[in-house]
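Q: Predicted structure and sequence below. I'll ask about it afterward.
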Amino acid sequence: MREATLEGTFGDRVNHLLTASGRSEVPPFMVMDVMAAAARIEAAGGHVIHMEVGQPAAPAPKAAIAAAHAALDDGRIDYTSALGIPSLRARIAWHYRETYGCEVDAERIVVTTGSSGGFILAFLAMFEPGDRVAVTVPGYPPYRHILSALGCEPVLIETTNATRHALTGEALLDAHRKAPLKGVLVGSPANPTGTMMSRDALASLMGAAESAGIRFISDEIYHGLDYAFPAVTAAELSPHALVINSFSKYFCMTGWRVGWMVVPEPLVRPIERLQQNLSISVPTLSQIAAEAAFDGREEMEAIKRGYQENRRILIDGLPKAGLTKFLPADGAFYLYADVSDFTSDSFEFAREMLEKAHVAATPGIDFDPIHGRTFIRFSYARSAEEMQEAVARIAGWLK
């Protein structure tokens, strides 16, 4: 009897040791669950049109792949500087000159493990546990989830049709007056809405943030994928902003996991120390490929023209299928559609659309815990033929 009691006590202790931390209790990134469900349908022989994940169907630029092959043939793939390969940092700095006419010192460029690694480094360097950081809804879910996991408090600010679902300085300062904010993060072009901020709108928002002592982070991962007007970088407007970008979207290099930051000078060394300890350095092969990717702009522009055609197909076709309301699709490769005429449960809507029409899309609740139950995000990063077939399938299912 005593042995059984001891055994039970030991088991309880072991179970306690294996209990996950509170900071790990972040919601799942729902798009990954949709991908898994789509994979099960495909494994059973079904043909799914993938509009759930923000991943280009095209491969990385030929120059990037060739550079990676050459590096592998050389045989040694060593650590690099924690801040990144110097020639890649210099090439990124040159990218700002040739693309935006903006001078950025290569010493302020930090190469990261995708934009995700950039968010972690930025949040650790800029904020303390308990700090309140504003993000917009609808918005990219890991903004909120990473902040929460690091002990910060994400402050959700709703956007509206009146501002084309972009954050304004007035809304930011209003939230700051209610309880002080330490930072704000915005994306333009935005995920999931595709909304872009004009130069004046971005400058006004940044000016409001700086006037209140609110640190500014600009997510520019979808730069290059702009259709309504050219995207504006926050690096051009202030040396105090921290910019995060990546080779994942425009350069079609999602799985290579390489991105970069433009960092205010006082934060370079703190971020370097963090990178040294968290990851030593970004994968060398990916950095080599990323530097060569800049030579593939002609290929990438052709792919962008394909996205523009896909955007046209959805904007023209979805209303005929019954989905008549969606947010501005200025850039990126998303269309955020209002499905309130059909449901108040976007998760169930997405599940049924996948099961019955074999079209995978992401429920809006992933991006907006307030109003997302009546929205669906469609990614149009695949072929025009697939977009046309998706519209036909959705029309057949809804009617």
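A: Arrived safely.

Q: list the helices and strands the biggest helix by length in the chain packs on?
A: Longest helix in the chain, counting residues (DSSP state H): helix 297-321. In terms of contacts (3 or more Cβ pairs under 8 Å, 6 or more residues apart in numbering; DSSP states H and E), helix 297-321 is packed against strand 334-338, helix 384-398. From N, CA and C alone the C-beta is placed, and that goes for glycine too.

Q: so can I have JSON lines of those showing mean neighbour count and distance to residue 82?
A: As requested, the helices and strands packed on helix 297-321 are arranged in JSON lines below (neighbours: other Cβ atoms under 10 Å; distance: least, Cβ to Cβ, whole Å):
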{"stretch": "strand 334-338", "mean neighbour count": "24", "distance to residue 82": "33"}
{"stretch": "helix 384-398", "mean neighbour count": "18", "distance to residue 82": "41"}
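
Q: Show me the residue at the heart of the chain, geometrically.
A: The centroid of the chain falls nearest to residue 140 when counting by Cα atoms, centre = their mean (5.9 Å).

Q: quick one on the thing from earlier: the helix or strand immediately after the longest helix of the chain in the chain pairs with which strands, parallel or anti?
A: Scanning forward in sequence from helix 297-321 by DSSP states H and E, the next helix or strand is strand 325-326. If you go by DSSP bridges, strand 325-326 pairs up with strand 334-338 (antiparallel).

Q: Identify the residues contacting the partner strand?
A: 54, 138, 191-194, 311, 314-315, 318, 323, 325-327, 329, 364, 367, 374-380 (Cβ atoms under 8 Å, 6 or more residues apart in numbering).

Q: what about that strand, distance to the chain center?
A: 16 Å (Cα atoms, centre = their mean, to the nearest Å).

Q: which residues are in contact with the very next helix or strand once past it?
A: Remark: after strand 334-338, the chain's next helix or strand is helix 346-352, criterion DSSP H and E. Helix 346-352 has contacts (Cβ under 8 Å, 6+ apart) with 30, 34, 37, 52, 339, 342-343, 360-365, 372-376, 397.

Q: What's the separation between residue 311 and residue 335?
A: Using Cβ to Cβ, to the nearest Å, residue 311 is found at 7 Å from residue 335.

Q: list the residues that contact both of these two?
A: By Cβ under 8 Å, 6+ apart, the residues touching both residue 311 and residue 335 are 329, 380.

Q: Now that the residue nearest to the centre of the chain has come up, it's in contact with residue 191, right?
A: Yes: between residue 140 and residue 191 there is a contact under Cβ atoms under 8 Å: 4.7 Å.

Q: who touches both of these two?
A: residue 367.

Q: Grab the nearest non-local neighbour of residue 284.
A: In space, residue 284 comes closest to residue 77 once its chain neighbours are excluded; the distance is 4.9 Å by Cβ to Cβ, 6 or more residues apart in numbering.

Q: what sits against the one you found?
A: Residue 77 neighbours (Cβ under 8 Å, 6+ apart): 71, 284-285.
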